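Asks: got a structure for you, letters missing:
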């Protein structure tokens, strides 16, 4: 069960600091599989970020299926979720949304516990 501060994470993307931290987290976790550019985050809209990430995921899956699975493992996206997405029509936007959710959770947990330790 998610803590209350992580249940609805989309609004956190409106926060410039959180968006920057998510960008850094994505760069770290997706490297060397996907190059996360600043352009992905220019407008800060959830749908735009998901769309851009979905295109990169599809390219990666087309070129190296094993690398995509390794990357998802690193991010902590369950393989079961990946299989469901692939069986339901290869909706890379759904997979991108899950990755973004997971990365936001990491950032929010870090911010939450950093504040509590002060």
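Replies: Structure's in. What do you need? Quick caveat, the model's predicted, so the values are computed rather than measured.

Asks: pull the longest helix from this structure.
Replies: Longest helix in the chain by number of residues (criterion: DSSP state H): helix 92-116.

Asks: Counting neighbours, which bits of that one end up buried?
Replies: 92-108, 111 (16 or more other C-beta atoms under 10 Å). For the C-beta atoms, the positions are set from N, CA and C on the backbone; glycine is no exception.

Asks: repeat for stretch 27-37
Replies: 29-30, 33-34, 36.

Asks: Repeat that for stretch 69-76.
Replies: 71-72, 75.

Asks: swap in stretch 35-55?
Replies: 36, 40-41, 46, 49-50, 52-54.

Asks: Can you tell me the centre-most residue of this protein?
Replies: residue 100 (2.3 Å; C-alpha atoms, centre = their mean).

Asks: show me what contacts that one?
Replies: 22, 26, 46, 49-50, 53 (C-beta atoms under 8 Å, 6 or more residues apart in numbering).
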